[in-house]
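J.: here is my input; please provide its structure:
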Amino acid sequence: MAKDTYHHGDLANALVEAAAKAVDAGGAEAVSLRDLAASLGVSRAAPYRHFVDRDALLAAVAARGFEELAGIYRAADASGGDGPARVRKAMRDYMAFAWRRPGLHRLMFESDLLRREPIPPVLARPYQDTYEALWGTLTNAYPDAPEAWRKRRRVTMLSTVVGFLVLDEAGRFTPEWAQPLTREDMIEAVIDAAVGAP
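T.: This next block holds a predicted model:
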């Protein structure tokens with residue numbers, strides 16, 4: 001019979017880590033509290049001591065994704081090179097994150113978690129922190145640009161990059177459609193369009 005507690009004494013963290021792996025492997029729909037409880041050797045009731053339901057657990061997974069993305073933006077901002085080079089790195093590293101963890105990226109940006117009123121508390125601060133990190137990268141890269149320009153650039157940067165990621169994941173850029181562009185050519189074109197100049 002399964003125990004009621006996780007043997008490492010940190011069931012909440014273990015559930016988030018296990019759910020994140022399930023999201024990476026099969027998307028949010030692959031997450032089952034019952035299956036996670038079984039895989040961790042706890043009773044079916046044990047996860048509910050930490051997460052009221054599956055959505056609460058998924059919000060915690062998404063929160064960690066936003067924390068990781070904020071770190072990506074801040075690392076790019078702290079890297080060498082001029083301002084535009086740092087912004088380009090931020091966008092390239094963001095794309096690499098989305099390709100490395102597509103299930104998590106979909107959970108973060110395509111689920112309804114952020115449309116809820118209120119946003120799940122576990123998610124609110126990491127989500128805001130991610131956009132503050134991106135804003136900081138832009139502000140540091142273009143300190144003399146008008147604030148209105150930076151706000152427009154933030155919108156167009158994310159729209160351009162996320163739009164490309166969605167179409168790419170859907171397989172819309174077939175070789176016949178893209179030739180003679182290589183994949184790297186396409187990535188550079190997207191980043192060129194996303195970053196722009198004041």
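J.: contacting residues around the helix or strand bottoming out on mean pLDDT in the chain?
T.: Least confident helix or strand of the chain, by mean pLDDT, DSSP states H and E, is helix 175-178 with a mean of 86. Residues from elsewhere that reach helix 175-178 (CB atoms under 8 Å, 6 or more residues apart in numbering): Met186. (C-beta placed from N, C-alpha, C; glycine too.)
J.: rerun at 10 Å
T.: 172, 181-183, 185-186 (CB atoms under 10 Å, 6 or more residues apart in numbering).
J.: export these as TSV, with columns for neighbour count.
T.: What follows is those, written out as TSV (neighbours: other CB atoms under 10 Å):
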residue	neighbour count
Arg172	11
Leu181	14
Thr182	11
Arg183	11
Asp185	11
Met186	14
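J.: and which of those is nearest to Leu134?
T.: Comparing these against Leu134 with CB to CB places Met186 closest, at 22.3 Å.
J.: what's the distance between the closest one and Ala178?
T.: With the distance defined as CB to CB, to the nearest Å, Met186 ends up 6 Å from Ala178.
J.: now the host helix or strand of Leu58: buried residues?
T.: Per DSSP states H and E, Leu58 falls inside helix 54-78. With burial defined by 16 or more other CB atoms under 10 Å, the residues of helix 54-78 counted as buried are 54-66, 69-70, 72-74, 76-77.
J.: avg pLDDT for stretch 117-126?
T.: In this model, stretch 117-126 has a mean pLDDT of 92.
J.: now it: how far from the chain's centre is it?
T.: Averaging C-alpha positions (CA atoms, centre = their mean, to the nearest Å) puts stretch 117-126 15 Å from its chain's average.
J.: what do you get for stretch 189-198?
T.: Centre-to-centre, stretch 189-198 and its host chain are 21 Å apart (CA atoms, centre = their mean).
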